[in-house]
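S.K.: any chance you could fold what I've pasted below:
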Amino acid sequence: MHASRPEVIYLDNNATTRVAPEVFEAMVPFLTDYYGNPSSAYSFGKFVEGHLKEAREKVAALLGCTPKEIIFTSCGTESDNAAIWSALQTSGKRHVVTTQVEHSAIMNQTDQLERMGFGVTRLPVQSDGTLSVAEVEKAIRDDTAVVSIMWANNETGIIFPVEEIASICKKKGVLFHTDAVQTPGKIDLSHVAKSDIDLLSMSGHKLHAPKGVGVLYARKRTKLVPYVIGGGQERGKRGGTENVASIIGLGRAAELALEKLSDEQSRVRGLRDRFEETLFQRLPHLYINGKRDQRLPNTSNIAFDFVEAEAILMRLDRKGICASSGSACTTGSLDPSHVLSAMGLTPARARSCVRFSFSHYNRDADIDYALDIIPPMIEELRAMSPLGPEHTDNFNYDVEAAREKEEKLMAQTMAAINE
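M.R.: Predicted coordinates for the structure are as follows:
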């Protein structure tokens, strides 16, 4: 017997999202009554195939593309890996341009590619998390096969100008891929097909669909080599029997993402902004990571100076609040976030950062509860910390000098990164 978990205040929606009730309802018949293989020749299978087609159309509507440009995969990681590997195979070139703040799906794949003899350029970001378009253009070489830059960062929410970068790549005859896993339902993607983006990755569990299903958008006439080789599924572009129920759920989730886009951009943004503003009113020595007006509407990454993030997260968990110190894919690592490090944060500050990410399922009461819990928690932890200004052994601690030193170290780190 497993003990039932208490109700949680879930503020970690960039890690995963709850499956929407409407999505679950759409999936159930395909886990029970309609279990046929969509590749089968008989009508029972063809019935399932028809619903698979409808789901593909719904996902295509989210991106404003044609259903033939949608390939279903197992997850965002597979979509990312497939896009980059295919670009290398179809172009015959051996160089990739990406950034220092990508998801581990891209970071680890490009590490592996380097070990295989491919060239990789990882572009730095500014201290506010933004990326220079001019630096991207300068990094493209004659042997560049693909430029891969995420649409929005999973840790800070910073949005990159991917459409502008895609246009530059087109002029230079280079494929452009974007990891757009964090964006559906948060920003408008309906113009993707009108842009110069060649390849785009999505993941179902980031937009209230189940885990284990993803999407690779491949612009028509973009050459694609299958990453998963098997039967003729997905028009020969991705082998393996389709995860039908999850694909059906993803199609329904895509519909809901379009319907709730305005709510995400207004009400959810309002929740996030109220959360930040109230924390700043109640606590000193906070720092928001990332350019504030260039973020996803749901994401807040906050440095709580003088406190370790892990201590904050443990105490939040005891109070039923879910948040994180970075990507769920790197949880457990003792190293500071590679994203925050690339932005020039010192290890001390990077280890004090907590990411809160909201969704349209969050309510004002969730924010009120979190705001009642967090300020006294931080004050208590700071009082215990040997670095904290309120620690009994450090009554002469010069907080302003410490912050000035921290900012100087950040500036020096950024200067070294950009050399």
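S.K.: hey, what's I71 bridged with?
M.R.: Beta bridges link I71 to L216 when assigned by DSSP bridges.
S.K.: let me see the contact set for it.
M.R.: 215-218, 224, 234-235, 237-238 (CB atoms under 8 Å, 6 or more residues apart in numbering). Using the backbone N, CA and C atoms, a C-beta is placed for each residue, glycine as well.
S.K.: repeat that for A60.
M.R.: 66-67, 69-70.
S.K.: neighbour-wise, which one of those leads?
M.R.: Using other CB atoms under 10 Å as the neighbour test, these are led by I70, with 23 neighbours.
S.K.: and the gap between it and I373?
M.R.: Counting by CB to CB, to the nearest Å, the separation of I70 from I373 is 42 Å.
S.K.: kindly report the same for D179.
M.R.: Distance from D179 to I373, by CB to CB: 33 Å.
S.K.: returning to that earlier point: pLDDT and neighbour count for the contacts of I71 - can I get that in a markdown table?
M.R.: Listed next are the contacts of I71 as a markdown table, based on pLDDT from 0 to 100; neighbours: other CB atoms under 10 Å:
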| residue | pLDDT | neighbour count |
| --- | --- | --- |
| V215 | 98 | 29 |
| L216 | 98 | 27 |
| Y217 | 98 | 27 |
| A218 | 98 | 22 |
| L224 | 96 | 22 |
| E234 | 95 | 20 |
| R235 | 93 | 9 |
| K237 | 96 | 20 |
| R238 | 97 | 23 |
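S.K.: of the residues you listed, which is the nearest to A26?
M.R.: V215 (16.6 Å; CB to CB).
S.K.: quick one: the closest one and S74 touch, right?
M.R.: No: V215 lies out of contact with S74 (CB atoms under 8 Å); the separation is 10.5 Å.
S.K.: tell me the buried residues in the strand or helix carrying G50?
M.R.: Counting by DSSP states H and E, the element that carries G50 is helix 43-63. Within helix 43-63, the residues scored as buried using 16 or more other CB atoms under 10 Å are 45, 48-49, 51-52, 55-56, 58-63.
S.K.: now stretch 14-32
M.R.: 14-17, 19-20, 23-24, 26-27, 30.
S.K.: nearest residue to T99 other than its sequence neighbours?
M.R.: Of all residues not flanking T99 in the chain, L123 sits nearest, at 4.8 Å (CB to CB, 6 or more residues apart in numbering).
S.K.: isn't the one you found right up against T98?
M.R.: Yes: assessed by CB under 8 Å, L123 is found in contact with T98 at 7.2 Å.
S.K.: before we move on, back to that, which of D179 and I373 has more residues huddled nearby?
M.R.: D179 (30 against 17).
S.K.: please name the nearest non-neighbouring residue to that one.
M.R.: M150 (4.2 Å).
S.K.: checking that neighbour next. Helix, strand or coil?
M.R.: coil (DSSP: H, G, I helix; E, B strand; the rest coil).
S.K.: give me the number of residues near the residue nearest to S91 when sequence neighbours are not counted?
M.R.: Closest residue to S91 apart from its sequence neighbours, by CB to CB, 6+ apart: A145 at 4.3 Å. If you count neighbours by other CB under 10 Å, A145 ends up with 24.
S.K.: what of V228?
M.R.: Neighbours of V228 (other CB under 10 Å): 15.
S.K.: ok, it to G239 distance?
M.R.: Applying CB to CB to V228 and G239 gives a distance of 5 Å.
S.K.: swap in G270?
M.R.: G270 is 45 Å from G239, by CB to CB.
S.K.: can I take it that the residue nearest to S91 is in a strand?
M.R.: Yes: counting by three-state DSSP, A145 is located in a strand.
S.K.: what residues are up against the residue nearest to D179?
M.R.: 99, 101-103, 106, 160, 162, 178-182.
S.K.: quick one: neighbours of the nearest residue to E163 once chain neighbours are set aside, just the number.
M.R.: Nearest residue to E163, sequence neighbours excluded (CB to CB, 6+ apart): S195, at 4.6 Å. Per other CB under 10 Å, the neighbour tally for S195 reads 20.
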